[in-house]
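Trainee: 3D model of this:
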Amino acid sequence: DHHDHHDERGALEHAGLAEPQQLQHASPAAERLALQLTGRTECDRIVVFDGNPRLIGSLAEIEIHDCTSTTLIGSIVTRELQFGSGSILPILS
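Mentor: Sure, this is the predicted structure:
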């Protein structure tokens with residue numbers, strides 16, 4: 001099988017801009033808690049992950065766990081997972 005997947009973890013070595021986007025949810029409680037942050041790597045790959053709006057303006061370590069042809073999908077690395085292979089992503093706005 002021929003796969004066109006790149007090393008997505010390596011794609012986040014150098015990170016770029018990030019901005020929040022509100023998620024669409026069925027319940028008002030979930031809507032208050034969920035904020036999807038987006039970032040763009042230096043090589044122009046879009047990264048999406050759920051995060052607290054307090055993270056905007058700081059650096060966060062992101063673990064990439066899935067991707068589409070145009071987007072990397074990740075999650076914030078917690079202290080318990082920091083020894084994994086994540087990358088630092090600036091969250092600017």
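
Trainee: what number of residues lie near V77?
Mentor: Residues lying near V77 (other C-beta atoms under 10 Å) number 19. Every C-beta, even on glycine, is put in place using the N, C-alpha and C of the backbone.

Trainee: hang on, I meant I73
Mentor: Neighbours around I73, by other C-beta under 10 Å: 15.

Trainee: Please report how far it lies from L35.
Mentor: In this view, I73 and L35 are 15 Å apart by C-beta to C-beta, to the nearest Å.

Trainee: which residues of this protein score low on pLDDT?
Mentor: The model of the chain has pLDDT under 70 over residues 1-34, 42, 79-93.

Trainee: what comes up buried for stretch 50-66?
Mentor: Of the residues in stretch 50-66, those buried by neighbour count under the rule 16 or more other C-beta atoms under 10 Å are 51, 55-56, 60-64.

Trainee: Now do the contacts for the nearest residue to T70 once chain neighbours are set aside.
Mentor: Nearest non-adjacent residue to T70, counting by C-beta to C-beta, 6 or more residues apart in numbering: I46, 6.4 Å away. Listed by C-beta atoms under 8 Å, 6 or more residues apart in numbering, the contact set of I46 reads 38-40, 70-72.

Trainee: Let me have the residues you listed in a markdown table, adding distance to T78 as columns.
Mentor: Compiled in a markdown table, the contacts of I46 are given as follows (distance: C-beta to C-beta, whole Å):
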| residue | distance to T78 |
| --- | --- |
| T38 | 20 |
| G39 | 18 |
| R40 | 23 |
| T70 | 27 |
| T71 | 22 |
| L72 | 19 |
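
Trainee: Out of those residues, which end up buried?
Mentor: Neighbour counting with 16+ other C-beta under 10 Å marks 38-40, 72 as buried within these.
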